[in-house]
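Next one to model:
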Amino acid sequence: MEKVLIKRLVWEPLSRDTDSLRTVAGTALAIASALVIGTWVGEAKWTYLAAIAVAPLVVWWPVQTALGMFVLVVPFDTIAILGSSDSGTTLTFFVGAAATGILLVAGLATGRIHAPPRSALWWSLLVLWCGLTCLWAIDPATAIGRMPTAAALLLIYLLSSSYRLTPVERRWIIVLAVLGGTLAAAFVIKDFYQGISIGASKRASLAMGDQVADPNLLAAGLLPSVSLAMALFFSTRKRISKALAMLAVAVIGLCVFLSMSRGATLGLLVIAGIYLLRLKKWRVLVPVACLLLLLLVVPSNFFVRFQQAGESGGAGRVPIWIAGLEALKHFWVVGAGVDGFPAAYTRYAGFSPHFDGFERAAHNLYLCTSVELGIVGLGLLLLAVRSQFRAARHAPGGFDPFLVGSEAACWAVLVSGFFLDVLWRKYFWLSWILLTICTQVQPETKTGVDS
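I've put the predicted structure just below:
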């Protein structure tokens with residue numbers, strides 16, 4: 001009887017009061033949130049609103065959200081500059097920093113972080129050597145200014161490679177990487193057919209306001225997306241998924257052709273060749289044929305640029321390389337310091353058969369690395385690359401389209417490196433991140449490709 005009285009006289013009123021308090025508190029919180037959000041909308045504080053929208057995704061799917069945001073914005077890196085185009089920081093830098101923080105917190109909270117692969121050692125030593133070259137760099141200010149970007153890229157690589165992703169997580173990240181490349185390519189194609197182009201050759205590129213991307217860098221940055229789109233085509237049996245993957249291949253491939261980048265076009269050939277070697281099935285001809293058919297609709301200037309490659313000395317690259325080789329004779333041991341090629345070129349510009357100014361970029365990953373970091377830096381770069389490909393070859397499981405796609409992307413980026421300075425480009429590091437992720441994930445099926 002006493003328990004019944006206590007329940008009726010004490011607990012039931014308290015419960016009703018608690019429910020009422022919860023209702024009032026919830027209503028007050030909803031009103032306050034609406035007022036705050038409304039104020040942010042009125043003041044155009046879109047960053048805060050985006051953070052609120054992304055917060056639930058971070059809680060539920062931290063890995064997909066963190067890496068997914070990063071791979072989604074990398075194709076826009078060349079124009080997503082906050083502030084002035086000369087000294088501003090790119091949007092991808094902040095997204096990468098946020099992704100790094102999310103991965104670190106999620107990994108510590110869930111215990112999913114493990115020791116990174118052996119390739120991480122070589123990449124770490126490469127960045128460490130870059131830091132050491134600041135001590136004797138011929139342009140110390142520029143060398144020191146490069147190190148925050150180098151450290152940030154290494155950090156996101158180390159954290160990404162320290163996760164062993166599930167097949168579902170990996171697939172979502174690859175889908176977002178393809179989506180980002182497709183959106184960037186579609187934006188470029190739309191502008192091109194509306195009459196927006198660059199230079200006398202009327203090359204397509206990514207432009208937003210007063211920021212215009214280098215067509216060569218844009219096209220090279222799309223190579224991982226087109227390779228992974230082909231991997232999506234071979235990884236599914238669903239017709240709608242195959243159709244969407246082929247659409248992505250077509251859109252990105254057309255954008256690369258419209259950019260008229262000869263190095264990126266060679267990268268596409270490398271991707272197609274690797275798929276042909278690895279699959280050895282007639283279905284690989286479908287995306288390859290799609291790319292070849294796109295050549296029927298590209299402007300004639302595309303073919304003219306290839307015909308003039310020898311006459312123009314690779315658009316002026318050969319004279320730069322000649323002077324760069326002379327600089328290499330003096331800096332081949334320990335290098336001129338990270339980001340020091342332009343200063344080194346200035347010292348030996350007189351050896352160029354065609355003088356076209358001072359402070360020229362190398363337009364070659366391997367020559368640039370050799371001059372800036374010496375034989376030590378070049379050796380560390382090659383050891384890191386070798387370690388990644390070796391791990392991919394010994395990955396467990398059967399045929400994995402995503403592993404082939406990420407490996408082909410890395411080879412394509414390395415080929416584009418013969419014509420571009422790509423070492424500190426985010427898509428260069430993204431390619432190795434994706435290869436590491438695919439190497440450490442068990443394939444979704446034994447065969448991987450539909451029979």
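
got the residue ranges for the strands in the stretch 201-350 of the chain?
For the stretch 201-350 of the chain, applying DSSP state E, counting those that start in this stretch gives strands covering 207-208, 211-212.

could these be laid out in JSON lines, adding mean neighbour count, distance to Gly335 and mean pLDDT?
For glycine as for every other residue, the C-beta is placed from the backbone atoms N, C-alpha and C. Formatted as JSON lines, the strands of the stretch 201-350 of the chain follow (neighbours: other Cβ atoms under 10 Å; distance: least, Cβ to Cβ, whole Å; pLDDT from 0 to 100):
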{"stretch": "strand 207-208", "mean neighbour count": "16", "distance to Gly335": "35", "mean pLDDT": "80"}
{"stretch": "strand 211-212", "mean neighbour count": "15", "distance to Gly335": "31", "mean pLDDT": "80"}
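
now for these, which one comes closest to Thr166?
strand 207-208 (35.6 Å; Cβ to Cβ).

Within the sheet, what are the partner strands of that closest one, with directions?
strand 211-212 (antiparallel) (DSSP bridges).

Would you check that Ala248 makes contact with Leu222?
No - the criterion here is Cβ atoms under 8 Å, and Ala248 misses it with Leu222 at 10.6 Å.

what residues are shared contacts of those two?
Residues touching both Ala248 and Leu222 (Cβ atoms under 8 Å, 6 or more residues apart in numbering): Gly181.

For these two, indicate the residue with more neighbours.
Leu222 (32 against 26; other Cβ atoms under 10 Å).

Surely the more buried one touches Leu254?
No - using Cβ under 8 Å, Leu222 makes no contact with Leu254, being 10.5 Å away.

list residues touching both of those two?
Ala185.

Give me the residue ranges of the stretch 351-451 of the chain where confidence is low.
Applying pLDDT under 70 to the stretch 351-451 of the chain picks out residues 355, 397-398, 442-451.

Could you do the chain as well?
1-59, 80-89, 309-315, 355, 397-398, 442-451.

swap the cut-off to 80 and go again
Applying pLDDT under 80 to the chain picks out residues 1-62, 78-93, 199-201, 208-211, 280-284, 306-316, 351-358, 395-399, 441-451.

Work out for me the element Leu381 sits within.
helix 365-393 (DSSP states H and E).

buried stuff in that helix?
365, 367-374, 376-381, 383-385, 387-389, 391-392 (16 or more other Cβ atoms under 10 Å).

Next SSE downstream of that helix?
Next helix or strand after helix 365-393 toward the C-terminus (DSSP H and E): helix 401-416.

Would you mind getting the angle between the following helix or strand past that following helix and helix 401-416?
Sequence order places helix 426-439 as the next helix or strand after helix 401-416, per DSSP H and E. Angle of helix 426-439 versus helix 401-416, following axes from the mean of the first three to the mean of the last three Cα atoms, to 10 degrees, is 150 degrees.

okay, the angle between helix 426-439 and helix 365-393?
Using the same axes, to 10 degrees: helix 426-439 against helix 365-393 is 10 degrees.

How far off centre is helix 426-439?
Computed by Cα atoms, centre = their mean, to the nearest Å, the chain-centroid distance of helix 426-439 equals 8 Å.

Likewise for stretch 194-204?
Its chain's C-alpha centre and that of stretch 194-204 lie 25 Å apart, by Cα atoms, centre = their mean.

buried ones in that stretch?
Applying 16+ other Cβ under 10 Å to stretch 194-204 flags Ser197, Ile198, Arg203, Ala204 as buried.

want to throw those into a markdown table with distance to Phe402?
Output for these, formatted as a markdown table (distance: Cβ to Cβ, whole Å):
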| residue | distance to Phe402 |
| --- | --- |
| Ser197 | 35 |
| Ile198 | 34 |
| Arg203 | 31 |
| Ala204 | 29 |
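
Determine which two of these are furthest apart.
Greatest spatial distance in the buried residues of stretch 194-204: Ile198 and Ala204, 7.6 Å, computed using Cβ to Cβ.

Quickly list what's touching both of the two.
Between them, Ile198 and Ala204 share these contacting residues under Cβ under 8 Å, 6+ apart: Pro215.

residues contacting Val95?
Counting by Cβ under 8 Å, 6+ apart, Val95 makes contact with Met69, Phe70, Val73.

mind listing what's buried in whichever helix or strand Asp191 is part of?
In the assignment (DSSP H and E), Asp191 maps to helix 167-193. By neighbour count with 16+ other Cβ under 10 Å, helix 167-193 contains the buried residues 169-189, 191-192.

which helices and strands sit right next to it?
If contacts are counted by 3 or more Cβ pairs under 8 Å, 6 or more residues apart in numbering; DSSP states H and E, helix 167-193 sits against helix 62-73, helix 223-235, helix 239-259, helix 401-416, helix 426-439.

contacting residues around stretch 332-339?
130-131, 133-134, 136-140, 142-143, 145-147, 150, 327, 343-344, 370-377.

Which stretches in the stretch 51-200 of the chain count as helices?
Remark: helices assigned in the stretch 51-200 of the chain by DSSP state H, counting those that start in this stretch are 62-73, 91-110, 119-133, 140-161, 167-193.

any idea which of the ones you listed is most buried?
helix 62-73 (a mean of 24; mean count of other Cβ atoms under 10 Å).

Figure out which of the helices and strands packed on helix 167-193 is closest to Gly209.
Closest to Gly209 of the helices and strands packed on helix 167-193 is helix 62-73 (Cβ to Cβ; 16.8 Å).

Next, the angle helix 140-161 makes with the closest one.
Inter-element angle recorded for helix 62-73 and helix 140-161: 140 degrees (by the same axes, to 10 degrees).

Need the contact partners of helix 62-73.
54, 57-58, 80, 91-92, 95-96, 98-100, 102-103, 105-106, 112, 156, 160, 163, 165, 169, 172-173, 176-177, 179-180, 430, 433-434, 437.

Noted, bye for now.
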